[in-house]
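J.: structure for this input, please:
(one chain, ligands or ions: 1)
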Amino acid sequence: MSLQQTYLYSLLFLKCPRCRQGDLLESNPYRIAKMNKVQKQCSSCALKYAIEPSFFTGSMYVSYAVGVAVAIATYVLTLVIGWTLGPAEILLSIISVLVVLMPYIGAVSKSIWAHFFFKYEPKFANKNKSL
Ligand SMILES: [Zn+2]
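T.: Residues are numbered from 1 along each chain as shown. The predicted structure is shown next:
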């Protein structure tokens, strides 16, 4: 199994949960015009991503959890670096990191949501081996 076929790679690099090759989103999450738009189906294995209307609405619950995790990680990072910040500075640093990472948090939340519902099927991954 190559790096591109691992669960974590597929999750973090926003790949199709079934074949781990096609892209989940229409474009980079930081392209604001198409921000976090999920493709209709996988370009590699033709998996239809939206299994029901508003399927990806549920990913907002995931994005809340990811946001909290990022906020905690930011705070821990300031402690590790050794900055002595007041409460307002801590809040400001957390808000800054969340704003910068917002597009990716939204995208990775949709990826986590999709990976929760679709299982990896190696037979689809090996279909386009020649690419
Ligand atoms: Zn696929």
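J.: residue 64 sits in which helix or strand?
T.: Applying DSSP states H and E as the criterion places residue 64 in helix 59-81.
J.: by contact count, what packs against the helix or strand of the chain with the lowest mean pLDDT?
T.: Ranked by mean pLDDT, DSSP states H and E, the weakest helix or strand in the chain is helix 122-125, scoring a mean of 89. Packing contacts for helix 122-125, counted by 3 or more Cβ pairs under 8 Å, 6 or more residues apart in numbering; DSSP states H and E, involve no helix or strand. C-beta coordinates here come from the backbone N, C-alpha and C atoms, glycine included.
J.: pull out the buried residues from that helix.
T.: For helix 122-125, the neighbour count (16 or more other Cβ atoms under 10 Å) marks 124-125 as buried.
J.: which other residues reach that helix?
T.: 5, 18-21, 44-45, 47 (Cβ atoms under 8 Å, 6 or more residues apart in numbering).
J.: same question, stretch 17-24
T.: The contact list for stretch 17-24 (Cβ under 8 Å, 6+ apart) reads 4-6, 9-10, 14-16, 38-39, 42-45, 47, 49, 107, 110-111, 114-115, 117-121, 124-125, 127-128.
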